[in-house]
Structure formats: structure tokens, C-alpha cells
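**Student:** coords please:
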Amino acid sequence: MRVGRSALGMPAVVAGLVLAGVAATGWVALAQDRTASGQGLLKVDWADPEIASLRSARSAGGAVPAAASQVQLPVLAFDVVPQLVKNVAGMDAAPIKPRSFVSDPKQPYWYHLTDTYEGISISVDADRRVNVEGDAKFQIGGAAPGSRAAARAKGAPAAVSVSDGAAEGMEGIVIQYTVQKFPDIPYTVTIECSTKAKAQCKDLTVINKDQALLRVISAGRQ
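**Tutor:** Below is the predicted model of the structure:
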């Protein structure tokens, strides 16, 4: 596991390998072993209307990295500036650096994407390499009551966790939630806020509304 600095200077996993409460080391080891044997990839519903409409016509607001077309899963990101970012960096907020996109051409089943603004950054991580056998958290054979998939089916926003960086020797706060799409690929959104922006970033009402702004910016390749 490669650990580096986040967009705001906080310690962070940089390759999108920590998703929704799963230990990164175990996740990666299982994923690599499974994919090496040709197993363990979550299926993609390439006929999903959101993917189909993107392929036919699209007006993009956010930057689409060239490498996004090479991963073997749809790439989800914020196609417009989220309201939370506007609350922190102003209504005319714009990225202070180009959108970053990290993946592996030899293992094109995951990606890590980051948008960086003044005082706040938003990352999206997705990975098809999931061990679904014997783990109720990632069971894809149906939506159990109370699961993320069941919540999604009811139109409810994903559960949001908020961590104060001070407890881990960091500055600011970290907000995280995971949505499942196409139909069961986990996309984890991580929002990192500076100490100065703590108050604005804890607005769960805005965070929940912003979840609806996640869009497919690239259909990837089958």
C-alpha cells in the first residue's frame, strides 16, 4: 500500500485503495489474487441508462482525463462544482489544480480521482476487484434490508461518516460515503477540509444533496 500526502497536505492513501471501512492491505491482497486467477470482478451493467446516454451525447462540465477512457468501469465524478465546495471556497469556486486521475493500465479495474479547491478536496475511488464470497457487506446477489443497495433502491442518500483529523494527528476533517452503481460497484467519495473550513464541511444536509451531482464522466471500456 502506498501512503502519501493528500491534496490538502493530510496523510492519505493515494491510489484509491481504502473503501468504505475495509482495511486497504487485506482488500488489495484479495483483489490482486482474485483478478490474477480471472475471478472476483464485479459485473458492470453497461446497458444502464446513465452509461448509454453518456455514449450517445453529453455536455461535460468537469474535466475528463484521457486515461479515464481506458479503465474497465464507468468513471464517476462531480461534473459540476458541489454546493459544499461553494460554501467553503465561494460561489465562483474553481479547481486550483488540474483534476488528477490515477489508475493502472495493467489492472484497469480501479481508479482514484481528485478535485482540489481552496480549503477542500474531493476524491472518488472505485474498484471492481471485490471479494464478494462469504462477506455480507459486499454480497451482490440481492439487497438485504438495511444494506446500502436497499437504501439506494429507496432513493435514500448514502450514509456519511465524519472524522476529525485531530484524533489522527491531522488537520481539518475527513468526510466519506459510498454509493453503489451499475449496479453494485462501490464508489467511495472522500472530502477533506482544512481546519478553517470545518464548520461549513460538517453540513450533512448539503453533503447529502450533493450526492445527486455525481455523474458518469466516462463510460470506460468494456
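**Student:** what about the helices in this structure?
**Tutor:** 24-36, 49-56, 83-89, 148-153, 198-201, 204-210 (DSSP state H).
**Student:** show me what the shortest one is packed against.
**Tutor:** What it means is helix 198-201. Under the contact definition 3 or more C-beta pairs under 8 Å, 6 or more residues apart in numbering; DSSP states H and E, helix 198-201 sits against helix 83-89, strand 173-181, strand 185-193. Any C-beta I mention is one placed from the backbone N, CA and C, and that applies to glycine too.
**Student:** and if we set it to 7 Å?
**Tutor:** Contact here means 3 or more C-beta pairs under 7 Å, 6 or more residues apart in numbering; DSSP states H and E; on that basis helix 198-201 packs against helix 83-89, strand 173-181.
**Student:** and what of the third one?
**Tutor:** Helices and strands in packing contact with helix 83-89 are listed as strand 120-127, helix 198-201, helix 204-210; criterion 3+ C-beta pairs under 7 Å, 6+ apart.
**Student:** wait, which of those is closest to Pro186?
**Tutor:** strand 120-127 (6.9 Å; C-beta to C-beta).
**Student:** list the neighbouring strands of that closest one plus their orientation.
**Tutor:** Strand pairing for strand 120-127, determined by DSSP bridges: strand 110-117 (antiparallel), strand 185-193 (antiparallel).
**Student:** next, count neighbours for the nearest residue to Pro183 once chain neighbours are set aside.
**Tutor:** Leaving aside its chain neighbours, Pro183 sits nearest to Asp45 (5.4 Å; criterion: C-beta to C-beta, 6 or more residues apart in numbering). Asp45: 14 surrounding residues under other C-beta atoms under 10 Å.
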